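> Build me a model:
(3 chains)
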Amino acid sequence: MRKVLAMMLALILALSVLAGCTNGGGSDKTQEAQGDNGGAEDSGSAVEKAIAGYKSGNMPTVTLCFGNFAGKPAGVDRIGAAMSKITEEKLGIKVELTIDSIGALSQQMNLDLASGNAPDLFNGLLAGFMASVNSGYLYDLEENGLLDTYGAGIKDCFREIELNGCRVNGTLYGIPVKKDDAAGMFGISIPQEYLDTIGYDYASKYAKEGDEIIYTDLDEIEGILTQLKAAYPDKTTFFMDASSVMAQCLEIDNIGNDYFGALCDPVNSLEVTNPFEDQKYYDLCKRMYHWNHDLGFFSMDAATTDVATTVQVKSGSLCAYKTATKPGIKQQESNLCGMPVIIFQCGTDFKKASTYGTMPWVMNHATEDPIAAMLVLNELYTNPDLMTLFCWGEEGKEWKETGDGHITFADGVDAQNSEYYNNTNWELPNQFIARIWEGDELTLWERMQSFNDNARTSKAMGFTWDNSDVSNEYSALTNVYEEYRKQLELGFVDPDVAIPEMVERLKSAGLEKYMQAKADALKTWADGQK
Amino acid sequence: MKRKRVGEEGRFQIFGNIIMILFSLAAVIPLVLLLISSFTDDSALVRNGYSFFPEKWSAYAYQYIFTSGNSLTRAYIMSFVLTAVGVVVGLAITTLLAYGLSKKFLPARGVITFLVVFTMLFNGDLVPTYMNYANVFKVKDTFFGLLLPGLLMNAFNVMMMKSYFVSGVPDEILEAAYIDGANEYQTFLKIAFPLAKPIVATIALFIGIGYWNDWMNGYVYLSKATHLYTIQNLLNRMMQNIQFLQQNSSTISGANTGLASIPAVSVRMAMAVCGILPIVVIYPFIQNNFVKGITLGGVKG
Amino acid sequence: MGNLSPAPLPLPFRERREKVAVIKEKKLTPAKRKALIKRSIPIYIMMLPGLIYLVINNYMPMPGIILAFKKYTAKLGIYRSPWNGLKNFTYLFSTPDAFVITRNTILYNVAFIIINLIFAVAVAIILSELTGKLKKAYQSIILLPHLLSAVIISYLVFAFLSADNGFINNSILGPLKKDPIGWYDNAKYWPFILVFVNLWKGIGYNCIIYLSTILGFDRSYYEAARIDGASKWKQITKITLPLLRPTIIMLSLMAVGRIFYSDFGLFYQVPRNSGALFPVTNTIDTYVYRALIEQGDITKSAAAGVYQSLVGFILILSANLLVRKLDPDSALF
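Alright, predicted model coming up:
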């Protein structure tokens, strides 16, 4: 009886996730949806006309591309053909799929875009979204009402403000992916086993039963780490991936995607200030200096190692590390570390202005048939069967049903020998409508949506900036910051000495001019919002 | 008198051998470390660092490489074919051009020499070069994409060879052959080319190393045709991923997952071993001919 | 024994110089001109494949240099994009780093040219004089580091220098009871480390040309010297080095033309992009790369390329001019 109930509950939840997308998710959407209704019928007939045209004539081919970390999957052509079968039947459009290592593709994509050989639709991460926009590589998705007419399903997946995150100077160049838009700041992950050894009673610390994260502060963490250091003197006590310290620890919004002028109180104020002179930054560096210099938590190699934190934990050389949190984080990190971990969080859940513009799906400016490309993109955001194929491959070949609503590896298949296991679904248009893999809760995406909706949100949400007028200053500033960043943020140098020194050098590299340009752009944008 | 000379020669031999042993050790020790790391258990490697005496041995890295569908054998074959074709074609056009430039009587020789040297100093950037090869010559995703761009011939090799023809192949012999009734082609093939063997062997080695070590062409010109990947492309692809992740990890929320799914340190080391192993095995054989060619030319010159 | 006269200019060189004069004189008579051109045609045909390749590979993309002066937009393509004056160049000069990156690039290159030259010539001479069977083994072994990619070299260097697990800190400084050194945090060591790594990587490759040149020398000079009772050292300084001079000058001239370029892998990968080392590891190429990875603006790297080429061009022309004054036979053109 209980099992049946659970099954029904799961089914309802799964359905509501689907509905959540197709119906627009938030309640504030209804008004817009109604407003669009008048045009929807027209667009409906335009879509039908286009599809009829494709089906009767020569089927166009739309090429799709994204990057993974394992290289070209063996089954990529088979999955491409299976996806094409769906789109041919429904839209009269063929689909071709290219997947390769992200590192190799990113350089190639730059060259292909410059020379006009790029695929029709791809993840903007490959060539950098803003860089692609500045070089004129991307297609205006609203040209002649393209999105309104042929991408109605996409519009239903996002609020206007979310789409605005891909708008540069009023032009829409991309569609965000459905992912974790917010991030829990300053999460700390520690294997349960180590906490047991020092006798730390984590079970009682959860705010309520069933929570996956313990909300606490850095003093508490410092206490735990000190005990860990004593219990495991041979292991490195704490480690942070050096390149994401500010992004994942502080509630500072790096509008325009750099820290040379940022919103240090992003939820309440649109004032652009220098984050390196902010108290938050000083406190962080001071704390890390204490941890590193006085308490010896860090490895001396922290600034130069390129071994992933979780790999270090797995190999038994590391006790604790920083991570950004989100729903499902506990399961994710436990899988990566190969042992159950406890997740602490010392900061807020925060959503940056740039979050929707980091890895949107974009259209190549030289696309031959933008209408066909838009129809395919629309299908990717709305068709669960197509998305499941795209995310997980074919049923029976890559995955099978588990019986409780999940899917898992097909018989005889594992992560190593699967012909299509990219592990990069966060890059794909809408993983929220795909099937859910075993290990994740069936309610994962619903929780993700509410996490995204409830996070503290930057006031500059939707602001984008083209810094090409001050790009000389940008080069110089980047260089100065890179020189100090790891040393400061991992506590290798005394912030009382190094921060003023860095700020001084940033200023002589043109920080004020750069900040002013950014502030002006923000003001223009804010005035336009009213 | 004679005894003293022998003693001096002996001292020189000892001194020379000692110096060369030191240089060889300096070259070999890091490579031994590379080999040992590739056979070290990955967790031990992360935990204890690189060591000549690892805590735990493991052949996992090689098992991974040969089973994870990287098609290593195919990449080896590609590397060999590419290097062989590149050396033959590159050597032919380099030698012919250099021979021509060494002819003092040739009208417009100065201008042509300048045009050759000029390419050493100025070139189109990567993007124009790419557009030229990809859009005009359509080499993308073909074998020619690996062969043609950049590597086939360069001005440095041409100038090296030209100066050898000028100083190492006496004009008198060539002139004598010409007067005897041999045409220019015969003079070149029968006399100049054999006399130039040392430099031919050297340039062949340079071109060969260039092709063997190259990953850029595969990286840039092969996007769909990954079956044409050479061993260096396989190795490099992994490194590119790591770098991409490090640069973007502040914006990619999944970066941590990505980094963890990249092959471990020992695998990277094993890939490097696979990259240089054939050279270690084959080079002595090539070198045999190489040294023979040099001494042959030396005696005759 | 010590009465060996200063090495005479080797015969081929003297003869050649005289011959040039003769040919030049002959060239003036119009009657022989026709025959000369007729004789040149087969030579031109032989040169053709190489020249065609240079046109395809080097000259066809060369107009792309104008990219450095454009504000590039993909829709318009390289040639129709609007002009941008010298704006793409300013970032190389306008910042406080401009001095540091230029200084580093030049100083390292000067050090590399000198040190590589000395070691490559020395090793080539030693190898050419050795008689044992080991000679071949040495030659292949010291070439091996050249076959490693920069990334692998960076791992090897890290294996030695890592602060926690490095071979030097653990196995050398540890037993000596010295404090471990944070190699990647201390800029002062890196000029030496980089010069050493560069030497280590390149020695086997650099000595090849010198070695093959030496082996091509006429052995009769040495026979004559030996009969005269010249010591080994004398033979090296009086015969080998003077004969090597044209090769040394030519290789150095070409290196001077590349003095504004730096080996990106050596300066970026080997120091593991460690910020604390920037004051001694930042060169023009790494600066351009760092500035561009986020912006992806191809016009800027094109501008840097033009700047480096231009300076190299001027340097090589003036150096060549100087060499032509001092020793006309060794000049590049």
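
> If I look at whatever residue of the stretch 301-450 of chain A ends up closest to chain C, what pLDDT would I see?
Chain C sits closest to residue A:304 of the stretch 301-450 of chain A, with a gap of 4.4 Å, by Cβ to the nearest Cβ. Every residue, glycine included, has its C-beta placed from N, CA and C. Turning to residue A:304, the model gives it a pLDDT of 84.

> Over to the one 3 residues further on?
The predicted structure scores residue A:307 at 80 on the pLDDT scale.

> Next: residue B:92.
95.

> Name the helix or strand for it, please.
helix B:72-101 (DSSP states H and E).

> cool, and residue C:33?
Secondary structure (DSSP H and E) places residue C:33 in helix C:30-54.

> Quick one: list the elements packing against the helix or strand following that helix.
Next helix or strand after helix C:30-54 toward the C-terminus (DSSP H and E): helix C:77-80. Where contact means 3 or more Cβ pairs under 8 Å, 6 or more residues apart in numbering or on different chains; DSSP states H and E, helix C:77-80 is packed against helix B:126-131.

> Strands of chain B, residue ranges please.
In chain B, no strands are found when defined by DSSP state E.

> So in it, where's the weakest helix or strand by average pLDDT?
helix B:255-260 (a mean of 61; mean pLDDT, DSSP states H and E).

> Ok, chain A next?
helix A:2-22 (a mean of 46).

> so who does residue 206 touch?
Let's take chain A. Shown in contact with residue A:206 (Cβ atoms under 8 Å, 6 or more residues apart in numbering or on different chains): residue A:214.

> Oops, wrong one, chain C.
By Cβ under 8 Å, 6+ apart, residue C:206 lies in contact with C:116, C:119, C:120.

> What strand or helix carries the second one?
Spelled out, that is residue C:119. Using DSSP H and E, the element containing residue C:119 is helix C:97-129.

> how about that helix, does it reach chain A?
Yes: Helix C:97-129 is in contact with chain A by Cβ under 8 Å from any Cβ of the partner chain, via residue C:97.

> So that helix, near chain B or not?
Yes: applying Cβ under 8 Å from any Cβ, one finds helix C:97-129 in contact with chain B at C:123, C:126, C:127, C:129.

> how far out from the middle of the chain is that helix?
8 Å (Cα atoms, centre = their mean, to the nearest Å).

> The contacts of residue C:206 into TSV, with extra columns for pLDDT?
TSV is the format used below for the contacts of residue C:206 (pLDDT from 0 to 100):
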residue	pLDDT
C:116	94
C:119	96
C:120	95
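
> Take the residues you listed and lay them out in CSV including neighbour count.
Formatted as CSV, the contacts of residue C:206 follow (neighbours: other Cβ atoms under 10 Å in any protein chain shown):
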residue, neighbour count
C:116, 21
C:119, 17
C:120, 23
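
> just those residues now: which is nearest chain B?
residue C:119 (8.8 Å).

> and the gap between the closest one and residue A:247?
According to Cβ to Cβ, to the nearest Å, residue C:119 and residue A:247 sit 46 Å apart.

> how about stretch C:165-176 against chain B, any contact?
Yes: using Cβ under 8 Å from any Cβ, stretch C:165-176 reaches chain B at C:165, C:166, C:167, C:170.

> Give me the buried entries from the residues you listed.
Applying 16 or more other Cβ atoms under 10 Å in any protein chain shown to the residues of stretch C:165-176 next to chain B, the neighbour count classes C:165, C:166, C:167, C:170 as buried.

> and which of the residues you listed is nearest chain A?
After measuring those against chain A - Cβ to the nearest Cβ - the closest member comes out as residue C:165, at 7.3 Å.

> where in the chain is pLDDT low?
In the absence of a named chain, chain A is used. A:1-44 (pLDDT under 70).

> not quite, I wanted chain C
Within chain C, the set of residues satisfying pLDDT under 70 comprises C:1-28, C:293-296, C:332-333.

> Strands along that one, start to end?
Under DSSP E, chain C gives no strands.

> now do the stretch 51-200 of chain A
A:61-68, A:94-101, A:121-123, A:167-168, A:171-172, A:174-175, A:183-191 (DSSP state E, counting those that start in this stretch).

> Which among those is found nearest to residue A:526?
For residue A:526, the closest of the strands of the stretch 51-200 of chain A is strand A:167-168, at 14.4 Å, according to Cβ to Cβ.

> Note down every partner strand of the closest one and its orientation.
The pairing partners recorded for strand A:167-168 under DSSP bridges are strand A:171-172 (antiparallel).

> quick revisit: just send the residues of stretch C:165-176 next to chain B back as TSV, with distance to chain A too.
Output for these, formatted as TSV (distance: Cβ to the nearest Cβ, whole Å):
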residue	distance to chain A
C:165	7
C:166	8
C:167	13
C:170	12
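
> Closest to chain B out of those residues?
Among the residues of stretch C:165-176 next to chain B, and counting by Cβ to the nearest Cβ, the member closest to chain B is residue C:165, at 2.1 Å.

> Might one say that that closest one is in contact with residue B:54?
No: contact status for residue C:165 versus residue B:54: not in contact, 11.7 Å apart, counting by Cβ atoms under 8 Å.

> Give me the common contacts of the two.
Taking Cβ under 8 Å, 6+ apart as the contact rule, the neighbours common to residue C:165 and residue B:54 are residue B:48.
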